[in-house]
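Colleague: Okay, here's the prediction I keep looking at, along with the sequence it came from:
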Amino acid sequence: MITIESLTKKYGAFTAVDHVTFTAQPGRVTGFLGPNGAGKSTTMRVMVGLTEPTSGHVHVLGRPFAALPNPGREVGVLLDASAQHAGRTGREILTIAARTMGLPKGRVDDMLDRVSLTEEESSRRVRNYSLGMRQRLGIATALLGDPEVLILDEPANGLDPAGIRWMRDLLREFGDQGGTVLLSSHLLHEIEVIADDIVVIGNGRIVAGGTKEELLASTGTLARAADPAVLAHALEAAGIVTSVADGAVFADADLTTVGRTAFAAGVPLTELRTADGAGLEEMFLELTAESQRDSLDYTEGAVA
Amino acid sequence: MSTATITPSTTGGSAVSARPRERSVPDPIPFGRVLGVELRKMFDTRSGFWLMASIVIASVIATTLTILLGDRDDLTFDSFAASVGSPMSIVLPIIGVLAVTSEWSQRTALTTFTLVPSRRRVIGAKLVNALVIGAVSMLVALGVGAVGNVVSSAITGNTAVWDIPAWTFAQIVLANELGMLLGFALGLLFRSSPAAIVGYFVVNLVLPGISEALASSQEWWADNAAWFDVNSTRFLLFDSKLTSEEWLQLGVTSSIWILLPLVIGLGLVMRSEVK
């Protein structure tokens, strides 16, 4: 369980994280979704005590991260898979972590196995690893101490589709065993595939949050008829907010209501379904459009 | 994205009540373990290993050169100690610098400080390791020098001259430990390998020149430089028995040049954001 309360981080006049509040529940995979520069990584660094918040606090398993006696045994963390000494072998990196946590030697081999890094790969130096291999090594480090909570920043970066499926199954299993997973991504599809709960952040603020089903449901219904204008008119007459795009009518109501209304108005439907996937994507783009532009300006400003 | 791929998540949603594992709070990480891990990290990369190996290699080279090029009849243990001492005064501070800065240059601090959130303990462990390595290195270097002394006397047929009393030996070790501490402090202060190493050489090679120039034109500085110039008193450690005033001067200059940067650097590391 991770509880974030009114977390704020300011850099001078710039507010990177603005009163962020949410909870990652045990037994659930919580996706932390937002465009680049939205404040995801900063929030996660504050969670694990690498960055001091300006105000607010984060509790992991009921206490501040720094108060955990042996954090690796309770919280698995992967913030940046590339932040490893390029001259160490993968096995050595795991060995160092295992020693710090006080784990038996065999644990390193178990983890290499778990993330499908071969004996030969594990004795290669990390500078010769692909990003995907680094991610696997990072996940192995996070899982090493058999933690109760996982905090993963962009863990699917650099993984191929099979790798993403592997990670989904791994996190699913971790959650099913009662663990808490918080993972961030700037890619909606990754989050959609992996997460149970979704928290959307834009411009440092939480702009949406809930279970994936809730967020999907709130995007409404897609319906088609021979004449979309007639259907839209009928729905609006019933007080349902609608919009027409590409010959399809998007209605802010559930399937049953839209179906009944169309039936009552005598409009034959050719298609009726929830506006899933595409709807969430639309929501994501819409919710983050403003902050995306802002963050772009910000980075350009920083570069110049 | 097909809806089929989402199915596992939907079924997973009902798993909230799945076995909440009975867990006991783990024991805190003992300092000895942090110490051991930090020591291992100084040796487990190629660059780290060769830096450590260079202590032995440099001592052997310096000793061999002394035998080959020196006037063998005049060689004493002191000659060997002096020749192995000079590479040590460069290698040890660099070890001190890199013990700290590699966490930042290689970005391993991200993992280090999430596994051990108490930065004070990590830095403390590094400091203890650096000082122990400094002392051991000096013993190794002087040991190699001693072998050189024996070999040289075997070649010339003269009796080996052991002209370094214990107090000089201790002072040489202290001088090198101070150099190492300075490197460590600069490492904390800059958290960047090149900046800290350049900083060390500025303090060691550039400042003495400036101090001398100042002393030649400023009478007050000529009389009182020993209270401010860390090098002037530290270098005395290598060959002379210090007076109590000189010990005091060493204490004052070390406080200014080593303790102060160490404390400021430590404060910065405690507060800084690790990215």
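Modeller: Arrived safely.
Colleague: Excluding chain neighbours, give the residue nearest to A:Thr118 in space.
Modeller: The spatially closest residue to A:Thr118, leaving aside those adjacent along the chain, is A:Leu112, at 7.9 Å (CB to CB, 6 or more residues apart in numbering or on different chains). The C-beta positions use only the backbone N, C-alpha and C, and glycine is treated the same way.
Colleague: Need the residues that contact the helix or strand where that neighbour lies.
Modeller: Using DSSP states H and E, the element containing A:Leu112 is helix A:106-114. Contacts to helix A:106-114, defined as CB atoms under 8 Å, 6 or more residues apart in numbering or on different chains, come from residues A:90-91, A:94-95, A:98, A:118-119, A:122, A:140-141, A:143-144, A:170.
Colleague: Check the residue nearest to A:Thr118 and give its pLDDT.
Modeller: Looking at A:Leu112, its pLDDT stands at 96.
Colleague: what do you get for A:Arg127?
Modeller: A:Arg127 is assigned 95 on the pLDDT scale.
Colleague: what about it, neighbour count?
Modeller: 10 (other CB atoms under 10 Å in any protein chain shown).
Colleague: tell me the contacts of A:Glu214?
Modeller: Going by CB under 8 Å, 6+ apart, A:Glu214 touches no other residue.
Colleague: and it, helix, strand or coil?
Modeller: Here A:Glu214 is helix, with the state taken from DSSP: H, G, I helix; E, B strand; the rest coil.
Colleague: The stretch 51-200 of chain B against chain A: which residues are in contact?
Modeller: Applying CB under 8 Å from any CB of the partner chain, we find that the stretch 51-200 of chain B lies next to chain A at B:102, B:106-108, B:110-111, B:113-118.
Colleague: Now list the buried members of those residues.
Modeller: Among these, those buried by neighbour count (16 or more other CB atoms under 10 Å in any protein chain shown) are B:102, B:106-108, B:110-111, B:113-118.
Colleague: of the contacts of helix A:106-114, closest to A:Thr242?
Modeller: Of all the contacts of helix A:106-114, A:Thr242 sits closest to A:Leu170, with 41.3 Å by CB to CB.
Colleague: Show me the domain layout of chain A.
Modeller: As recorded under automatic domain parsing, the domains making up chain A are A:2-210, A:220-275.
Colleague: Can you say which of those domains is packed in most?
Modeller: Each of these was scored by mean neighbour count; the highest is domain A:2-210, a mean of 20, by mean count of other CB atoms under 10 Å in any protein chain shown.
Colleague: Quick one: neighbours of B:Leu35, just the number.
Modeller: Per other CB under 10 Å, the neighbour tally for B:Leu35 reads 17.
Colleague: Am I right that it is in contact with B:Val128?
Modeller: Yes. Using CB atoms under 8 Å, B:Leu35 is in contact with B:Val128, at 6.2 Å.
Colleague: Pick out the shakiest of the domains of chain A, pLDDT-wise.
Modeller: Ranked by mean pLDDT, the domains of chain A end with domain A:220-275 at the bottom, a mean of 86.
Colleague: For the buried ones among the residues of the stretch 51-200 of chain B next to chain A, work out which two are farthest apart.
Modeller: So for those, where distance means CB to CB, the most widely separated pair is B:Gln106 and B:Ser118, at 20.7 Å.
Colleague: Compute the number of surrounding residues for B:Val206.
Modeller: Neighbours of B:Val206 (other CB under 10 Å): 11.
Colleague: Can you read off the pLDDT for it?
Modeller: We note a pLDDT of 87 for B:Val206 in this prediction.
Colleague: got the phi/psi numbers for it?
Modeller: Backbone torsions of B:Val206, given as degrees, to the nearest 10, read phi -90, psi -40.
Colleague: so A:Lys10 sits in a strand?
Modeller: Yes. Checked against three-state DSSP, A:Lys10 lies within a strand.
Colleague: Skip the chain neighbours and tell me the closest residue to it.
Modeller: Setting aside the residues directly before and after it, A:Lys10 is nearest to A:Thr54 in space (CB to CB, 6+ apart), at 4.7 Å.
Colleague: what does the stretch 151-300 of chain A put close to chain B?
Modeller: Proximity of the stretch 151-300 of chain A to chain B (CB under 8 Å from any CB) is limited to residues A:168-169, A:172, A:175-178, A:189, A:192-196, A:211-213, A:276-277.
Colleague: Out of those residues, name the ones that lie in helices.
Modeller: Within these, residues falling in helices by DSSP state H are A:168-169, A:172, A:175-176, A:189, A:192-194, A:212-213.
Colleague: Check those residues and tell me the two furthest apart.
Modeller: Within those, A:Asp176 and A:His189 form the most distant pair, 22.1 Å apart (CB to CB).
Colleague: how about the helices of the stretch 151-275 of chain B, start to end?
Modeller: With DSSP state H, counting those that start in this stretch as the definition, the stretch 151-275 of chain B shows helices at residue ranges B:166-190, B:193-201, B:207-217, B:219-224, B:230-239, B:244-254, B:260-271.
Colleague: so which of those comes closest to A:Gly204?
Modeller: With CB to CB, the closest approach to A:Gly204 among the helices of the stretch 151-275 of chain B belongs to helix B:260-271: 21.7 Å.
Colleague: Can you tell me how far the residue of chain A most remote from its centre is from chain B?
Modeller: Distance from the C-alpha centroid of chain A, by CA atoms, centre = their mean, peaks at A:Gly266 (42.9 Å). Using CB to the nearest CB, to the nearest Å, we find A:Gly266 at a distance of 30 Å from chain B.
Colleague: can you pull out the helices in the stretch 151-300 of chain A?
Modeller: Ranges of helices in the stretch 151-300 of chain A, per DSSP H, counting those that start in this stretch, are A:161-176, A:188-194, A:212-217, A:228-237, A:255-265, A:278-303.
Colleague: And the closest residue to chain A within the stretch 151-275 of chain B, its phi and psi?
Modeller: Of all residues in the stretch 151-275 of chain B, the one sitting closest to chain A is B:Val274 (4.1 Å; CB to the nearest CB). Backbone torsions for B:Val274, taken as degrees, to the nearest 10, come to phi -100, psi 120.
Colleague: I'd guessed it sits against A:Thr51; true?
Modeller: Yes. B:Val274 lies in contact with A:Thr51 (CB under 8 Å); the separation is 7.3 Å.
Colleague: what sits in contact with each of those two?
Modeller: Joint contacts of B:Val274 and A:Thr51 (CB under 8 Å, 6+ apart) are A:Arg45.
Colleague: for A:Ile93, helix, strand, or coil?
Modeller: What three-state DSSP gives for A:Ile93 is helix.
Colleague: how much space between it and A:Ala86?
Modeller: 11 Å (CB to CB, to the nearest Å).
Colleague: Now for these two: what residues contact both?
Modeller: Any residue near both A:Ile93 and A:Ala86 by CB under 8 Å, 6+ apart counts here, and that gives A:Val126.
Colleague: Show me which residues of the stretch 1-150 of chain A sit near chain B.
Modeller: Counting by CB under 8 Å from any CB, the stretch 1-150 of chain A sits next to chain B at A:25-29, A:45, A:48-52, A:65-66, A:68-74, A:77, A:79-80, A:82-88, A:92-93, A:96-97, A:99-102, A:141, A:148.
Colleague: sorry, back to before: does the closest residue to the residue of the stretch 151-275 of chain B closest to chain A other than its chain neighbours lie in a helix or a strand, and which?
Modeller: Nearest non-adjacent residue to B:Val274, counting by CB to CB, 6+ apart: A:Leu50, 4.1 Å away. For A:Leu50, there is no enclosing helix or strand under DSSP H and E.
Colleague: ditto for A:Gly31
Modeller: Using DSSP H and E, A:Gly31 maps to strand A:29-33.
Colleague: what sits up against the very next helix or strand once past that strand?
Modeller: Next helix or strand after strand A:29-33 toward the C-terminus (DSSP H and E): helix A:40-47. For helix A:40-47, the external contacting residues (CB under 8 Å, 6+ apart) are A:2, A:4, A:7, A:9, A:16-17, A:20, A:32, A:34, A:51-53, A:58, A:60, A:65, A:79, A:151, A:153, A:182, A:184, A:186, A:201, B:273-275.
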